[in-house]
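Colleague: Quick check, what structure comes out for this input:
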Amino acid sequence: MFNGATHLRQSSSFSLSCWSIKCRQRLVLKKNNKQIQCYQKQEVHVVEGRCIEEVYDDLSERLLLTVTGLQDPNSKYLVGLAGPPGAGKSTLSSEVVGRLNKLWIPKTLEPDSLVQPDDIATVLPMDGFHLYRSQLDAMENPEEAHARRGAPWTFNPDLLLKCLQTLRTKGSVHAPSFDHGVGDPVEDDIFISIHHKLVIVEGNYLFLEEGIWKEIASIFNEKWFIDIDLDTSMQRVLRRHISTGKKPDAAKWRIEYNDRPNAELIMQSKKDADVVIKSVDFQS
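Modeller: Residues are numbered from 1 along each chain as shown. Model (predicted):
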């Protein structure tokens, strides 16, 4: 098999900064009906590059080594990728998956084979698990529900959990996508097949600790978080709102009323990540 990881290391001339931070994880135990607090060391892998291409390459190499080492050929490796709006989750997951698929050549194929190999990796966005507009209309305060669309309670985490559990047990699943033109999910628009060994699930709230979100977080083999300055991410969201036709004043109001509070909540879940990716300007 072509060793893509070795190829990456030999052909890349970049200088990437990666290190591990040892942090303490608080555990609460019960003994004789009394709570006892103790701490367990946990390593966090930090990725930081001079440009975004360096970050993409490092993460691709990390995943290639992981997938190559999987013992069970039918197993799935699930990576959760979280971060606030405007952090670049969709772009990063797409770029990393694209690089990984180009590097992967199954052992069954000769290097000069004309057979097109199956993709090894794919992306599952959380956007498809938004509630439908009709479901928001049926809420007690529909105007508030639409104004806060994007908050955790405007998603369907039960459906997301069921989808991920099916992927684990059966190896394949149909999942919804999101039509931004219509503003609603599209049922069964994404198919994750048995050939996909690695799936990056990207979304805002994947590592929340309340309710069913906690069950979702427990499914991932690895948790990635994009660490970005909130003012920078909100500027990106502002430009996104304006590009879709919102007036600047309306876009600013939506950020202060909805996007920034959501982002502040999401940033709290960074502590649960295995990999923290320091944001780099896409143009740098």
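
Colleague: Regarding D118, which helix or strand does it belong to?
Modeller: D118 is part of no helix or strand, with elements assigned from DSSP states H and E.

Colleague: switch to numbering from 29
Modeller: Okay, using 29 as the starting number, the last item reads as D146.

Colleague: what's the nearest residue to it if we skip its chain neighbours?
Modeller: H223 (3.9 Å; C-beta to C-beta, 6 or more residues apart in numbering). (C-beta placed from N, C-alpha, C; glycine too.)

Colleague: how about the one you found, what does it touch?
Modeller: Counting by C-beta atoms under 8 Å, 6 or more residues apart in numbering, H223 touches D146, D147, I148.

Colleague: ok, and the most crowded of the residues you listed?
Modeller: Ranked by the number of neighbours (other C-beta atoms under 10 Å), the contacts of H223 place I148 first, at 21 neighbours.

Colleague: ok, that one touching N129?
Modeller: Yes: at 6.0 Å, I148 counts as touching N129 under the criterion of C-beta atoms under 8 Å.

Colleague: low-scoring pLDDT stretches of this protein, where are they?
Modeller: For the chain, the stretches with pLDDT under 70 are 29-70, 133-145, 309-312.

Colleague: which helices and strands does the longest helix along it pack with?
Modeller: For the chain, the longest helix by residue count, based on DSSP state H, is helix 80-96. Packing partners of helix 80-96 (3 or more C-beta pairs under 8 Å, 6 or more residues apart in numbering; DSSP states H and E): helix 32-39, strand 62-76, strand 105-110, helix 117-131, strand 226-230, strand 303-306.

Colleague: Tell me how far the residue nearest to D146 lies from E230.
Modeller: Applying C-beta to C-beta, to the nearest Å, the value for H223 to E230 is 20 Å.

Colleague: One more: M154?
Modeller: Counting by C-beta to C-beta - M154 and E230 are separated by 7 Å.

Colleague: go on, N102?
Modeller: Going from N102 to E230 by C-beta to C-beta gives 24 Å.

Colleague: Which one's more surrounded, the two?
Modeller: Neighbour count, other C-beta under 10 Å: between N102 and E230, E230 has more, with 25 against 8.
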